[in-house]
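> Below are the sequence and a predicted model; questions follow.
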Amino acid sequence: MLDPFQPEKENDIEFLKGLQLEIHDVFIGMVKAQRGHLLADTPDIFSGLFWTGTRGQELGLVDSLGDMRGELKKRFGAKTQLQLVSASRGLFGRRQPGASLATGMAEALHGVSRFRTCRSGGGKSIMGPLRALTV
């Protein structure tokens, strides 16, 4: 399918365009399910265009503007800390790809899994509000 050394096949292109449309429909459904009541009534929202944060907030795609650290501290308290996940450094100070990065990611995910069961002061699950930060 779409071999760069072969001529394009119309069936392959049609298949991929159909796949893109299906993925886009799933995306639209997910956004409407999560943010439907907040979305502005405009046909441009799912057109593929992109906007500044301010315009995204006007359209209902963004809850608030700010940096991640500030928002997390505002929602969960001043003691909230973020851990930087990076590859370990090797013999000559270079980053080592592979196992060390995977280990760091696993450790970070383990830390995230602990937060799934924590509650903030208001009794809300921490993962609920965090999901909004990543959307």
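Received the coordinates, thanks.
> and the closest residue to Leu16 other than its chain neighbours, what element?
Excluding the flanking residues, the one nearest Leu16 by CB to CB, 6 or more residues apart in numbering is Leu2, at 7.2 Å. In short, each C-beta sits where N, CA and C put it, glycine included. Following DSSP states H and E, there is no helix or strand that holds Leu2.
> how about Leu2, what does it touch?
Going by CB atoms under 8 Å, 6 or more residues apart in numbering, Leu2 touches Glu8, Lys9, Asp12, Ile13, Leu16.
> mind redoing it with 10 Å?
Glu8, Lys9, Asp12, Ile13, Phe15, Leu16 (CB atoms under 10 Å, 6 or more residues apart in numbering).
> how's the protein carved up into domains?
According to automatic domain parsing, the chain comprises the domains 1-65, 66-135.
> do you know how far the nearest residue to Leu65 once chain neighbours are set aside is from Val26?
Once flanking residues are discounted, Leu65 sits nearest to Gly53: 4.9 Å by CB to CB, 6+ apart. Distance of Gly53 to Val26, given as CB to CB, to the nearest Å: 25 Å.
> cool, and Ala87?
33 Å.
> of the two, who's got more company?
Neighbours were counted for Ala87 and for Val26 using other CB atoms under 10 Å; Ala87 has more, 17 against 10.
> In the chain, which helix is the longest?
helix 10-35 (DSSP state H).
> Residues contacting the helix or strand following that one, please?
Sequence order places helix 53-58 as the next helix or strand after helix 10-35, per DSSP H and E. Contact partners of helix 53-58, identified using CB under 10 Å, 6+ apart, comprise 38, 40, 42, 45, 49-52, 61-66.
> For these, name the two members farthest from one another.
Spatial extent of these (CB to CB) is set by the pair Thr42 and Gly66 at 24.4 Å.
> For the domains of the chain, which has the smallest mean pLDDT value?
Lowest mean pLDDT of those: domain 66-135, a mean of 62.
> Could you tell me the end-to-end distance of stretch 54-67?
14 Å (CA to CA, to the nearest Å).
> Thank you kindly, that will do.
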